[in-house]
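[1] sequence below, structure please.
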Amino acid sequence: MTTTSPRIPPLPPDQWGDDVRAGIAALRPASATQELRRSKGGPKGLNVLGTLAQHPTLMHAYHSFNGHILYTNTLDARQRELLVLRVAARRGAEYEWAQHVHIARDAGLTDDEIGRIAVGAQAADWSPLDGAMLRAVDELVADARITDGTWSDLARELDRHQLMDLVFTVGAYDLLAMAFRSFGVELDEDLAP
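    Okay, here's the model as predicted:
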C-alpha cells in the first residue's frame, strides 16, 4: 500500500449508533449475533467495522449480501475460505488475508494449504476440485469470466447453486479487497504478524 494512514479512519465503537449496530446485525443470523453478544472478546475486525461505520447505509446493504456468503453459502466453509484467501493473495489484500487465515484454520484448512493458496492452482497436492476453484478465482480476477474448461471441472462436482455461490463469493471478496486497500484499512492488533 502507498498510504501511511487510513484514508477513511475507523469510527470508534463508542461512537456507533443504532444504524451501525443494525448494519453489523445484517451480517449475522440471529443466533450468531446472540453468540457475539455473549463473547467476552467483543467483535473482531474493529478497523473494518469502524471504517464501514462511516457509511451505515452502505454497511447494512453490503452486510445483508455478505451474510449469505458467510452463513448460508452452499459451498462449505473450507471451500469459501479457499476462494477468499486466493482473492486476497491475488489482490495483495493484507487485511483480508490476515483476517481470513484465522477463519480458514477454523474451517479446516492447514497451514500448508494456506501457504499453497498463495501459490495457486499450480502448487502440488490440490484435489481436482480445489485446483479448479483456485483457477476460477484467478480467471474471475483477471477476466471476470470462468473459462469453459475450468467451468466443466467445477460442474463435475458442484451443483448450480454452488457454482453461483462460487462466483458471488469471489466477487464479494474482490470488492472488499478493493475497498480495504483503497480506504487504507489497517490491521487490527490481533491480526498483526
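[2] quick check: end-to-end length of stretch 108-126?
    15 Å (C-alpha to C-alpha, to the nearest Å).
[3] quick one: Ile146 from Arg105, how far?
    Separation of Ile146 from Arg105 (C-beta to C-beta, to the nearest Å): 27 Å. From N, CA and C alone the C-beta is placed, and that goes for glycine too.
[4] and the two? which has more neighbours close in?
    Ile146 (23 against 14; other C-beta atoms under 10 Å).
[5] hmm, Leu140 and that one touching each other?
    Yes - Ile146 lies in contact with Leu140 (C-beta atoms under 8 Å); the separation is 6.3 Å.
[6] any residues in contact with both of those two?
    Counting by C-beta atoms under 8 Å, 6 or more residues apart in numbering, the contacts common to Ile146 and Leu140 are Val167.
[7] now the element after the lowest-mean-pLDDT helix or strand in the chain, going C-ward?
    Least confident helix or strand of the chain, by mean pLDDT, DSSP states H and E, is helix 30-38 with a mean of 44. Using DSSP states H and E, the next helix or strand after helix 30-38 towards the C-terminus is helix 46-52.
[8] and that following helix, what does it pack onto?
    Using 3 or more C-beta pairs under 8 Å, 6 or more residues apart in numbering; DSSP states H and E, the elements in contact with helix 46-52 are helix 18-25, helix 56-67, helix 94-106.
[9] most tightly packed of those helices?
    Mean neighbours per residue, mean count of other C-beta atoms under 10 Å, is largest over the helices and strands packed on helix 46-52 for helix 94-106, with a mean of 19.
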